[in-house]
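Dropping the sequence and predicted coords here.
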Amino acid sequence: MTPDVIVVGAGPGGSIAAETMAEAGLNVLLIDKLPMDSRQEKPCGGGIPNQVLIDFDIKPENVVEKRIKGSIIIASDGNQYTLEAKGKDYGWNMRRAVFDKFLTDRAVSAGANLLDRTRVVDLIIKNGKVSGVVCKNDKGVLEYEAPLTIAADGVGSQTVIKAGLRNKWNVERDIGQCAVAFVEGYNPSNDDENEYYNRFYLSNQIAPNAYAWIFPLNDHVANIGLGLHRTKGLNPMHYLLKFIEWEGIADKFSKPKVIWKRNHPVPLCGIKGKTVGDGIIAIGDSVGFVSPMLGEGIIYAMWTGKLAGKTAIEARESNDYSKDNFKKYKRAYKKMRFPNIFSTHRALRDLLMSDVDYNVSQIIKLAKTDEDAQAIIENALTGESRDISPELMTRALLLIEKALKKDK
Ligand SMILES: Cc1cc2nc3c(=O)[nH]c(=O)nc-3n(C[C@H](O)[C@H](O)[C@H](O)COP(=O)(O)OP(=O)(O)OC[C@H]3O[C@@H](n4cnc5c(N)ncnc54)[C@H](O)[C@@H]3O)c2cc1C
């Protein structure tokens, strides 16, 4: 039976898209190159705002490892600022092997057909419309046709490039180079703050033009990582291993032991290129739905998956898979203000990174004294920017900009 939709990639975005469409009775083919029964760990901080669990009706006990009470921002001079959600859950730390498997299993339970260990290597294009995919697995080369393909194949997406939706990333400008590790020996004295707070270190020496993090997990393990941005030729793993051995965090470990580590890129430019074409919709990392400041993309991948799924359901009813009809997908994510959030986060990041050591320290001072600035910083860092109005975002940005200039 010909599928109604092919979803390329069973990450958080692809799995939510597949679930949304399968629940509505569409015949969905969900393809991933990796084995889905023994899901591999994906290089990620694994931090999600509580909003993810609310929006997607997920019970924390099914997917997350640690309930987080807040975040601590640490400037290079040691100045700190603590963010906490007032009267509600703040966020959660999880392992991607568990989280992604849960979402894919849910899509399969809803009726999606999963084809794993299968790599999509090309698109079938007929009369200028994307009409299916060519894949390879241990059985050889396979072709599947469908009126709609959803590109959910992450930062390394070839689907969007072959469909002509975007050009290749400009590696230096568009991409953050990250390194991440699971480290044993964390928090030997069971200190409450180390156990339940995520820590962000903003310092040019530790992570040039980006930041380093420590996200606690269970059993004295922490997810530790960092990103580098606009730093051609520097190796993020070199910086990460130096950070893990740094005397400034030595008190948080008995003896740090790296048990797993990886490098991985993340888009930091905001949405790049087009997100729809005839017969194709692109979601998540494949076209840059990631906060340019935080590198946080799970919630955006899941939401764009859901919105693309809803668009597909309507397209099937009207039998219209044209890019014009898919404009409603663009309207839907604009209504959720994702482009607006990304441009504010990009502006805030560029402002901070123009002199990170000085600026972060100043911003921390400002956040302690000014309510508007506090609101934008807190909302940006807790990943709940949808709650604040564009007017407040603009006002707070101007305020921060003015404060940084005045203090210099
Ligand atoms: C080091 C690091 C830390 C991060 N930390 C956080 C964090 O703490 N919180 C947060 O919200 N975000 C974080 N992110 C971002 C987050 O990982 C991504 O935004 C998110 O995974 C995007 O989801 P996705 O579904 O779009 O793509 P992905 O999760 O990348 O999924 C893509 C899927 O497509 C499959 N695939 C790829 N190519 C093919 C192909 N040719 N054929 C078939 N299948 C294919 C892959 O196997 C994969 O399963 C981090 C990123 C990095 C690199």
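Great, that's in hand. Just so we're clear, the structure is a prediction, and the values are computed from it rather than from any experiment.

Setting the sequence-adjacent residues aside, check what's closest to residue 184.
Closest residue to residue 184 apart from its sequence neighbours, by Cβ to Cβ, 6 or more residues apart in numbering: residue 257 at 4.4 Å. In this view, the C-beta of every residue, glycine as well, is placed from N, C-alpha and C.

dump the residue contacts of that neighbour.
By Cβ atoms under 8 Å, 6 or more residues apart in numbering, the residues touching residue 257 are 183, 184, 185.

In TSV: those, plus distance to the ligand, pLDDT and neighbour count.
Output for the contacts of residue 257, formatted as TSV (distance: Cβ to the nearest ligand atom, whole Å; pLDDT from 0 to 100; neighbours: other Cβ atoms under 10 Å):
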residue	distance to the ligand	pLDDT	neighbour count
183	14	98	23
184	19	97	16
185	21	97	16
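
got the residues you listed as TSV, with secondary structure columns?
As requested, those are exported to TSV (DSSP: H, G, I helix; E, B strand; the rest coil):
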residue	secondary structure
183	strand
184	strand
185	strand
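
now, among those, which is nearest to residue 297?
For the contacts of residue 257, the residue nearest residue 297 by Cβ to Cβ is residue 183; the value is 22.8 Å.

if we can go back for a sec, roughly how far does the residue nearest to residue 184 sit from the ligand?
Distance, residue 257 to the ligand, using Cβ to the nearest ligand atom, to the nearest Å: 20 Å.

Identify the residue nearest residue 147 in space, chain neighbours excluded?
Nearest residue to residue 147, sequence neighbours excluded (Cβ to Cβ, 6+ apart): residue 321, at 4.6 Å.

what do you get for residue 206?
Going by Cβ to Cβ, 6+ apart, residue 206 has residue 212 as its nearest residue, at 4.9 Å.

who's the one you found bridged to?
Judged by DSSP bridges, the bridge partners of residue 212 are residue 201, residue 226.

wait, isn't it in contact with residue 198?
No - with contact defined as Cβ atoms under 8 Å, residue 212 does not reach residue 198; the gap is 11.4 Å.

for the stretch 1-150 of the chain, which spans come out with low pLDDT?
For the stretch 1-150 of the chain, no stretch is flagged by pLDDT under 70.

Show me what from it comes close to the ligand.
Taking Cβ under 6 Å from any ligand atom as the contact definition, the stretch 1-150 of the chain meets the ligand at 8-14, 31-34, 42-48, 119-120.

Make a ChimeraX selection of the buried ones in those.
Entered in ChimeraX, the line below selects the buried ones among these, by 16 or more other Cβ atoms under 10 Å:
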select :8,9,10,11,12,13,14,31,32,33,34,42,43,44,45,46,47,48,120
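
Counting only strands, which of the residues of the stretch 1-150 of the chain next to the ligand make the cut?
8, 31, 47, 48, 119, 120 (DSSP state E).

List the buried residues of stretch 239-258.
If you call a residue buried by 16+ other Cβ under 10 Å, then stretch 239-258 has these buried ones: 239, 240, 241, 243, 244, 249, 252, 253, 256.

what lines up beside the longest strand belonging to the chain in the sheet?
Looking across the chain with DSSP E, the single longest strand is strand 253-267. When pairing is defined by DSSP bridges, strand 253-267 lines up against strand 175-186 (antiparallel).

Could I get the full set of strands for the stretch 101-250 of the chain?
In order along the chain, the stretch 101-250 of the chain carries the following strands (DSSP state E, counting those that start in this stretch): 113-115, 119-126, 129-137, 140-145, 148-151, 175-186, 197-202, 212-216, 221-229.

that older thread, could you single out the nearest of the buried residues of stretch 239-258 to the ligand?
residue 240 (9.8 Å; Cβ to the nearest ligand atom).

what's the closest one in contact with, if anything?
Contacts here follow Cβ under 8 Å, 6+ apart; on that basis residue 240 touches 179, 180, 181, 212, 224, 225, 226, 261.

Could I get the full set of strands for the stretch 251-400 of the chain?
Using DSSP E, counting those that start in this stretch, strands in the stretch 251-400 of the chain cover 253-267, 276-277, 280-282.

Relative to residue 216, which of those strands is closest?
Across those, the minimum distance to residue 216, taken as Cβ to Cβ, is reached by strand 253-267, at 11.8 Å.

Could you check the angle that closest one makes with strand 221-229?
If you take axes from the mean of the first three to the mean of the last three Cα atoms, to 10 degrees, strand 253-267 sits at 40 degrees to strand 221-229.

ok so, going back, most tightly packed of the strands of the stretch 101-250 of the chain?
Greatest average neighbour count among the strands of the stretch 101-250 of the chain goes to strand 148-151 (a mean of 30), per mean count of other Cβ atoms under 10 Å.
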